[in-house]
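Asker: Predicted model and sequence follow; I will ask about them next.
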Amino acid sequence: MDKKIRIVIAKPGLDGHDRGAKYIARALKDAGYEVIYTGIRQTPESIVATAIQEDVDFVGLSLLSGAHNELFPRVVNLLKEQEAGEIVVFGGGVIPEEDLGFLEKKGVQAIFRPGAPISDVISFIKSKTGSTAA
Amino acid sequence: MPDNNNLKKKKNIWEETTLNKVTSRFPARKNLVTGSDTEVDNLHIPDNNFSYEEKLGFPGEYPYTRGVQPTMYRGKFWTMRQYAGFGTAEESNSRYKYLLQQGQTGLSIAFDLPTQIGYDSDDPISAGEVGKVGVAIDSLKDMETLFNGIPLDKVSTSMTINAPAAVLLAMYIIVAEKQGVTKEQIRGTIQNDILKEYIARGTYIFPPAPSMRLINNIFEYCSAEVPKWNTISISGYHIREAGSTAVQEIAFTIADGIEYVRNAIGVGLDVDQFAGRLSFFFNAHNDLLEEVAKYRAARRIWAKIMKEKFSAKKEKSMMMRFHTQTAGSTLTAQQPDNNIVRVAIQTLAAVMGGTQSLHTNSRDEALALPTEDSVRVALRTQQIVAHESGVANIVDPLAGSYYIEQLTDKIEEDALNYINKIEDMGGMVKAIEKGYVQKEIQDSAYKYQKSVEAGDRVVVGVNKFTIEEPAPSGLLKVNPELQKVQEANLKKVRSGRNNEKVAECLAALSEGAAKEDVNLMPLIIDSVREYATLGEISNVLREKFGEYRESIVL
């Protein structure tokens, strides 16, 4: 049997808007994934440490303060530096469309913007793992 | 007067005959609920046991259900106060001047996250966050720039600052002093509500006990020295934004209020000495009638608690005065112009609910910070409601509606159940430590989002009536070089000040913090005056008080 897919949902930066992150964490859990939620105010360093320690397949970042262009790429780079570049990074929050191209170039593989349904997140995860089961 | 049973019987007959005749052919929509999931009856009828004097009374009189002033907006309109701030103090200063020119009547300062959590702009933890969600304030110097040319004896200023509220208030006092305006003259509010930071908003620094002490220090200092200052704004806004229901919003906010009052009385303050300066802050959602009932219920609950539980004697101590902001969480990134309509409905709710001041959100806030144009539309929405809609000509205009009165009673009853439950747990600090409040809010948020995703709740433009639309353009962008500007300013401040004096003041503050009976306000004012930075002052307190760690509830 396949190993269960493990996902860390993290909040980098200093904003406390955790409604979206907690919703995604709980909905993914309900969909059968193993989910670790970090809580707010995490540094990119501590998120990467958690991701490696917990042996996850995905890191989902949520940020609503506008600091995404600085902090999301930093998580991707730190993962690569620590030879964990295979972990897929995705994100969500108040992120203007014009930043999407930049974030993609920096290795953030998907951004889910306000109003995106959980089914979009699940299809994305499935497309990356090539499996139909959680 | 017909008795109630008679009317109820007549209603039953109506249901079986007139109503049934229609619904058997054209079924009515089933299981209707309010925005907060309270069931909505098919028809409300008079309740002859309803006591006007006990439940409502007259405006400006106990229990203040109909409003805290006898004239309400027949006297003067609510204060139109747009929350604003971004980038540097210079940029924010010019936005404030623009808003005042456009007819805004009070200022509301948004600080960036490092400021709200007590870090200087050059702290490594501030990376990427400087100036993003509000203005960056590192020292008195920035605060002088922020209010440059704005007469502090003329405007009232609300500051959304919590954990380091004492420091920002100290800076404001000194800026005023330098303008020749005394502490007795300045008017405004600091949010200073740490409990909801633990519950929902996240900008806490210290653990509950020292945080409550700082709040008591502010209550005590201001009651003697800064009499027109609202020392706290007990906030349900962020609780609602985190996904609570309307009932939970007022219940948890009032439970926070009870905790503050109990604490202040516990250190020997007289309730009537500080309670008149307590203020509140609520959300305004789309379910207009439920929101109006919510504000009315909240006023009645608070008045009764202050009178019966805390034996307040002064009328002012029993009046719940509140600020309102329209609901950020109802704004959609899709078809953003629709948000103007949502904000207009929410404005009506706040005004018909008797708010003392109001911030209206801008249409583009699900996408970015608002531009000057969209802020103007938001302010105009308030002005249209004030001057054109007519709803401001009458006090508590929805009173006496069978539905509104019964919903007000229901919200009061449900909120009191929560409040009593929290009291039974030992008060709000205990309830937060257990994760009880956080869990209740999360469950509501989860349920709501599930119902949107299932299509049971319609959000126009999101899960129904959608269109293909081009990416929005012309969004406000904060200058990414800002951090460097702030760092350079900080360097200048640190080299231009008397560093020996700064060290002395910080040492005195550290000593004071170690003794529980010292009021820290004067020591913080001394430090700020010498240009000690917000980060330096906060670090001194961190060292003595420790830091709060979130208990993660999922």
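Answerer: Done, it's in.

Asker: helices or strands next to the lengthiest helix in chain A in the packing?
Answerer: In chain A, assigned by DSSP state H, the helix with the most residues is helix A:68-81. Counting contacts by 3 or more Cβ pairs under 8 Å, 6 or more residues apart in numbering or on different chains; DSSP states H and E, helix A:68-81 packs against helix A:44-53, strand A:58-63, strand A:88-93, helix A:100-105. All C-beta atoms are positioned from the backbone trio N, CA, C, and that covers glycine.

Asker: Between those, which one is closest to residue B:380.
Answerer: strand A:88-93 (29.0 Å; Cβ to Cβ).

Asker: now the closest one against helix A:44-53, angle please.
Answerer: 130 degrees (axes from the mean of the first three to the mean of the last three Cα atoms, to 10 degrees).

Asker: Show residues contacting strand A:88-93.
Answerer: Applying Cβ atoms under 8 Å, 6 or more residues apart in numbering or on different chains, the external contacts of strand A:88-93 come out as A:17, A:20-21, A:24, A:57-64, A:68, A:72, A:75-76, A:79, A:103, A:107-113, A:116, A:121, A:124, A:128.

Asker: Let me see the mean pLDDT of it.
Answerer: Across strand A:88-93, the average pLDDT comes to 97.

Asker: what do you get for stretch A:21-32?
Answerer: Computed over stretch A:21-32, the mean pLDDT rounds to 96.

Asker: If you count neighbours, what's buried in it?
Answerer: Within stretch A:21-32, the residues that count as buried by 16 or more other Cβ atoms under 10 Å in any protein chain shown are A:21-29.

Asker: got it, and stretch B:470-480?
Answerer: Neighbour counts over stretch B:470-480 (16+ other Cβ under 10 Å) mark B:472, B:475-476, B:478 as buried.

Asker: what residues are up against the residue most central in space within chain A?
Answerer: The geometric centre of chain A, computed from its C-alpha atoms, lies nearest to residue A:60 (Cα atoms, centre = their mean), at 0.9 Å. Residues near residue A:60 by Cβ under 8 Å, 6+ apart: A:7-10, A:21, A:24, A:89-92, A:121.

Asker: hey, which of the helices and strands packed on helix A:68-81 is tucked in deepest?
Answerer: strand A:58-63 (a mean of 27; mean count of other Cβ atoms under 10 Å in any protein chain shown).

Asker: wouldn't residue B:398 be in contact with residue B:290 here?
Answerer: No. Residue B:398 is beyond contact range of residue B:290, at 11.4 Å (criterion: Cβ atoms under 8 Å).

Asker: For residue B:362, which non-adjacent residue is spatially closest?
Answerer: Closest residue in space to residue B:362, ignoring its immediate chain neighbours: residue B:370 at 3.4 Å, by Cβ to Cβ, 6 or more residues apart in numbering or on different chains.

Asker: what about the one you found, neighbour count?
Answerer: Using other Cβ atoms under 10 Å in any protein chain shown, the number of residues around residue B:370 comes to 22.

Asker: Retrieve the pLDDT associated with it.
Answerer: Listed pLDDT for residue B:370 reads 90.

Asker: Could you do the one 10 residues further on as well?
Answerer: Residue-level confidence at residue B:380 comes out at 97, pLDDT.

Asker: Equivalent analysis for residue B:42, please.
Answerer: Confidence score, pLDDT, at residue B:42: 92.

Asker: Provide a list of residues in contact with it.
Answerer: The contact partners of residue B:42, taken as Cβ under 8 Å, 6+ apart, are B:15, B:19, B:28.

Asker: And for the host helix or strand of residue B:537, what's in contact with it?
Answerer: Here residue B:537, judged by DSSP states H and E, is contained in helix B:534-545. With contact meaning Cβ under 8 Å, 6+ apart, helix B:534-545 is reached by B:115, B:118-120, B:123, B:137-139, B:163-164, B:167-168, B:205-207, B:210-211, B:502, B:506, B:509-510, B:513-514, B:524, B:527-528.

Asker: pLDDT (mean, whole number) over it?
Answerer: On average, helix B:534-545 scores 98.

Asker: Extract the C-alpha trace of it and format it as PDB.
Answerer: Below are the C-alpha coordinates for helix B:534-545, written out as PDB (Å, rounded to 0.1, in the frame of the first residue of the first chain):
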ATOM      1  CA  LEU B 534       9.700  50.500  19.900                       C
ATOM      2  CA  GLY B 535      11.800  47.400  19.500                       C
ATOM      3  CA  GLU B 536      14.100  48.400  22.400                       C
ATOM      4  CA  ILE B 537      11.300  49.000  24.800                       C
ATOM      5  CA  SER B 538       9.500  45.800  23.800                       C
ATOM      6  CA  ASN B 539      12.700  43.800  24.200                       C
ATOM      7  CA  VAL B 540      13.100  45.100  27.700                       C
ATOM      8  CA  LEU B 541       9.600  44.000  28.500                       C
ATOM      9  CA  ARG B 542      10.100  40.600  26.700                       C
ATOM     10  CA  GLU B 543      13.000  39.900  28.900                       C
ATOM     11  CA  LYS B 544      11.000  40.500  32.100                       C
ATOM     12  CA  PHE B 545       7.600  39.100  31.000                       C
END
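
Asker: In stretch A:117-124, which residues are buried?
Answerer: Neighbour counts over stretch A:117-124 (16+ other Cβ under 10 Å) mark A:117-118, A:121-122, A:124 as buried.

Asker: for the residues you listed, which one is nearest chain B?
Answerer: Closest approach to chain B among the buried residues of stretch A:117-124 (Cβ to the nearest Cβ): residue A:117, at 5.2 Å.

Asker: list the contacts for that closest one?
Answerer: Listed by Cβ under 8 Å, 6+ apart, the contact set of residue A:117 reads B:453, B:463.

Asker: Residue B:480 too?
Answerer: By Cβ under 8 Å, 6+ apart, residue B:480 lies in contact with A:69-70.

Asker: Tell me which helix or strand it sits in.
Answerer: For residue B:480, there is no host helix or strand (DSSP H and E).

Asker: Just read off the phi/psi values of the residue of the stretch 301-450 of chain B at minimum distance from chain A.
Answerer: Using Cβ to the nearest Cβ, the single residue of the stretch 301-450 of chain B nearest to chain A is residue B:333, 4.3 Å away. The phi/psi pair for residue B:333 (degrees, to the nearest 10) reads phi -70, psi -20.

Asker: Likewise for residue B:334?
Answerer: Residue B:334 adopts backbone torsions of phi -80, psi 140, taken as degrees, to the nearest 10.

Asker: Same question for residue B:79.
Answerer: Torsion angles at residue B:79 (phi, psi; degrees, to the nearest 10) stand at phi -80, psi 120.

Asker: residues from the stretch 401-550 of chain B in reach of chain A?
Answerer: Neighbours of chain A within the stretch 401-550 of chain B, by Cβ under 8 Å from any Cβ of the partner chain: B:442, B:445-446, B:449-450, B:453, B:459, B:462-463, B:471-472, B:475, B:478, B:480, B:550.

Asker: That concludes my questions; thank you for your assistance.
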